[in-house]
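Asker: just the structure for this:
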Amino acid sequence: MEIDNLTPAELRVWRAFSRGEAVDFRTAEDDDPADGADWGPERTVRATVIRALLLSGPQEEGEIAALKVAGARISGTLDMRYGNCDHAVRMSHCFFAGVPQFYGARLRQLNLGASVLPGLTAGAVRVEGVLRLSHSRIHGPVRLGGAQISNALFMERAHLTAVDAPEPVLQLNQMTTGDDLWAPGLRIDGEMRLNGANIAGSVNLNEARLSFPGRHVLDAETLTVDGDVLLRHARVQGWIGLRGARVTGRLDLSYAHLVNPGDAALRASSCTFGELWLRRGTPMEGTLNLRRTQTDVLFLDPDAVPDEVLLNNLTYTTLTPHEPAERRLPMLERDGDGYVPHGYEQLTAAYRRIGDDDAARKVQLAKQRRRRATLPWYGRVWGHVQDATVGYGFHPLRAGVWLVSLLAIGTIAYGLHHPPALKADEAPRFNALFYTLDLLLPVISFGQEGAFAPRGVYQWLSYALVIAGWILATTVFAGVTRTVNRQ
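Answerer: Predicted structure coming up:
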């Protein structure tokens, strides 16, 4: 390009490039790039001029060339596809008339912070430093699929909209970064796609506003993050998909509000987390799906659990904060898969690890009662008997109460009305207490039951005591066996 063809504004940029000096066209600190379509030639730089500088701009001995432009209107389309640029590129607070094209390019550094763009195409781009879109407003798809960023991607307070586009508004699928995806306060109206991405640092979406009601607002299946995924104070409309994700640190949804009524709000099945935090926020409006997920620490506030959960084969080592069993059990009762024994076993194991055996017994009792509803009628009847007599073995003292009550009834009844002896000359002296014990205890014999034969209503009472004794013995044996097997 001939330098004589440059406008005064372009000439300023051209001359500053070789020395790495900044050119600021802003007339005031509060200049809004959204008004850039109305900026005149004094602030306009053609995209072809920018391209020529980045690919073959002048070099000055002893200086480090760089493009540093602020407050400019970039006319035309900046086409850097498959180009190599060894210079830092900073075009902040600028207005881009066309969608910048960086597909397959190799860049030292790219900063489009606080700018207004109609979109960005930078799939498979390679950036040796950082890629910065902080505070930018982008009104079309941002395509960064397959990008390789050696350092971090910064998108804090950026605002992306492309609801009517037939593709996700932010495409970070298969992207790799050597550091963080730093985007606190990010606002997106549409879908954000992160599936298959590999983040060496953390993903910071604290205070983000993601909105795509009833649709897939965040697709992060098979995402791999070596640090944390932070969504503290985030507001999400639509559903989040994390199936198969791997997060070495924690997935933190503290104070977050997820809204997708009538469908899943969070699908995090088959995931692996170091820690999973769901706390201090309002209950998500929609289903929580944690099937087949593994986490070392599950930080779960009971009040943050939605009305429906899917927890089959969820595995955790530590459950915090410590809450009474009565506060935790409703979560298992809301499982959309129905009766899931694994959920009760996991909760029982968590209580036992911290030595709360009383809570563990309550969970196991709740499990047996929930299981009873799945049995045929005769199984349910027997279950009610075990529950009433010994609490399925978790309340063994209850059997003693029944035994003492029946013993008192029999002793009083037969003490007032002695049954006649079968053989008066051979019968021992009648003892109402031991006679009742003989009826109640199916194994032990005191020689009373076989020597006396009650009649009438007392004979029926003896039958009832014998039956009650066998039921108590059987249920106690079943409860003890269940306890021994469990331990």
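Asker: tell me, how many neighbours does Tyr351 end up with?
Answerer: 23 (other Cβ atoms under 10 Å). For the C-beta atoms, the positions are set from N, CA and C on the backbone; glycine is no exception.
Asker: can I take it that it is in a strand?
Answerer: No: the assignment for Tyr351, made by DSSP: H, G, I helix; E, B strand; the rest coil, is helix rather than a strand.
Asker: contacting residues for it?
Answerer: Taking Cβ atoms under 8 Å, 6 or more residues apart in numbering, we find Tyr351 in contact with 325, 357, 359-360, 363.
Asker: for Ala304, see how far away it is.
Answerer: 20 Å (Cβ to Cβ, to the nearest Å).
Asker: the stretch 201-350 of the chain: helices as residue ranges?
Answerer: For the stretch 201-350 of the chain, the helices defined by DSSP state H, counting those that start in this stretch cover 325-333, 341-353.
Asker: so which of those comes closest to Arg108?
Answerer: Taking Cβ to Cβ, helix 341-353 is the member of these nearest to Arg108, at 50.3 Å.
Asker: now do the buried residues in the closest one.
Answerer: Using 16 or more other Cβ atoms under 10 Å as the test for burial, helix 341-353 gives 343-344, 346-348, 350-351.
Asker: now swap in stretch 104-113 and tell me
Answerer: So, applying 16+ other Cβ under 10 Å, buried residues of stretch 104-113: 105-107, 109-113.
Asker: now swap in stretch 10-27 and tell me
Answerer: Those would be 10, 12-14, 16-18, 23, 25, for stretch 10-27 by 16+ other Cβ under 10 Å.
Asker: for ChimeraX, write a command that selects the buried ones of the contacts of Tyr351.
Answerer: For the buried members of the contacts of Tyr351, the matching ChimeraX selection, counting by 16+ other Cβ under 10 Å, is:
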select :325,359,360,363
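Asker: any chance of the contacts of Tyr351 in CSV, plus secondary structure and pLDDT?
Answerer: Formatted as CSV, the contacts of Tyr351 follow (DSSP: H, G, I helix; E, B strand; the rest coil; pLDDT from 0 to 100):
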residue, secondary structure, pLDDT
Ala325, helix, 92
Asp357, helix, 88
Ala359, helix, 91
Ala360, helix, 90
Val363, helix, 90
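Asker: any idea how many residues pack against the nearest residue to Leu407 once chain neighbours are set aside?
Answerer: Using Cβ to Cβ, 6 or more residues apart in numbering and skipping residues adjacent in sequence, the residue nearest Leu407 is Thr436, 5.4 Å away. Residues lying near Thr436 (other Cβ under 10 Å) number 27.
Asker: tell me the secondary structure at Thr436.
Answerer: Three-state call for Thr436 (three-state DSSP): helix.
Asker: again, but for Glu60
Answerer: coil.
Asker: check contacts around it.
Answerer: Glu60 touches 18-19, counting by Cβ under 8 Å, 6+ apart.
Asker: now swap in Tyr344 and tell me
Answerer: So Tyr344 contacts 332, 363-364, 366-367, 370 (Cβ under 8 Å, 6+ apart).
Asker: and the residue lying closest to Trp39 once chain neighbours are set aside, how close does it get to Ala162?
Answerer: Nearest non-adjacent residue to Trp39, counting by Cβ to Cβ, 6+ apart: Arg73, 4.3 Å away. To Ala162, Arg73 is 22 Å away according to Cβ to Cβ.
Asker: tell me which of the two has more neighbours.
Answerer: Arg73 (24 against 21).
Asker: is that one in a bridge, and if so with what?
Answerer: Thr44, Phe95 (DSSP bridges).
Asker: pretty sure it is touching Phe95, no?
Answerer: Yes: at 4.8 Å, Arg73 counts as touching Phe95 under the criterion of Cβ atoms under 8 Å.
Asker: can I get stretch 79-91 in CSV, CA atoms only?
Answerer: What follows is stretch 79-91, C-alpha atoms only, in CSV (Å, rounded to 0.1, in the frame of the first residue of the first chain):
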residue,chain,number,x,y,z
ASP,A,79,-9.4,-10.0,7.1
MET,A,80,-6.5,-11.7,8.8
ARG,A,81,-7.4,-15.3,7.9
TYR,A,82,-4.4,-17.6,8.1
GLY,A,83,-2.1,-14.6,8.6
ASN,A,84,0.9,-14.4,10.9
CYS,A,85,1.4,-11.3,13.1
ASP,A,86,4.3,-11.0,15.4
HIS,A,87,3.1,-7.7,16.9
ALA,A,88,0.8,-6.9,19.8
VAL,A,89,-2.6,-5.8,18.6
ARG,A,90,-4.7,-3.5,20.8
MET,A,91,-7.8,-1.9,19.3
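Asker: rewinding a little: make JSON lines out of the contacts of Tyr351 and add distance to Thr295.
Answerer: Formatted as JSON lines, those follow (distance: Cβ to Cβ, whole Å):
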{"residue": "Ala325", "distance to Thr295": "20"}
{"residue": "Asp357", "distance to Thr295": "24"}
{"residue": "Ala359", "distance to Thr295": "20"}
{"residue": "Ala360", "distance to Thr295": "20"}
{"residue": "Val363", "distance to Thr295": "19"}
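Asker: which one of the contacts of Tyr351 sits closest to Thr287?
Answerer: Among the contacts of Tyr351, Val363 lies closest to Thr287 (Cβ to Cβ), at 22.8 Å.
Asker: now do the closest one against Tyr344, distance only.
Answerer: In this view, Val363 and Tyr344 are 6 Å apart by Cβ to Cβ.
Asker: returning to that earlier point: report the two of the buried residues of stretch 104-113 separated the most.
Answerer: Arg106 and Gly113 (20.7 Å).
Asker: all strands for the stretch 301-450 of the chain, in order.
Answerer: 309-310, 315-320 (DSSP state E, counting those that start in this stretch).
Asker: of these, which is nearest Gly338?
Answerer: Of these, nearest to Gly338 by Cβ to Cβ is strand 309-310, at 10.6 Å.
Asker: quick one: distance of that closest one to the chain centre.
Answerer: 11 Å (Cα atoms, centre = their mean, to the nearest Å).
Asker: just stretch 48-65 next, same as before
Answerer: On Cα atoms, centre = their mean, the centre of stretch 48-65 falls 48 Å from that of its chain.
Asker: what residues of that stretch count as buried?
Answerer: 48-54, 57, 65.
Asker: export those residues to a markdown table and tack on distance to Leu131, secondary structure and pLDDT?
Answerer: Listed next are the buried residues of stretch 48-65 as a markdown table, based on distance: Cβ to Cβ, whole Å; DSSP: H, G, I helix; E, B strand; the rest coil; pLDDT from 0 to 100:
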| residue | distance to Leu131 | secondary structure | pLDDT |
| --- | --- | --- | --- |
| Thr48 | 23 | helix | 94 |
| Val49 | 22 | helix | 95 |
| Ile50 | 17 | helix | 95 |
| Arg51 | 18 | helix | 95 |
| Ala52 | 22 | helix | 94 |
| Leu53 | 19 | helix | 94 |
| Leu54 | 15 | helix | 94 |
| Gly57 | 21 | coil | 88 |
| Ala65 | 20 | coil | 93 |
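Asker: looking at those, which is nearest Asp32?
Answerer: Distances from Asp32 to the buried residues of stretch 48-65, taken by Cβ to Cβ, are shortest for Ile50, at 21.5 Å.
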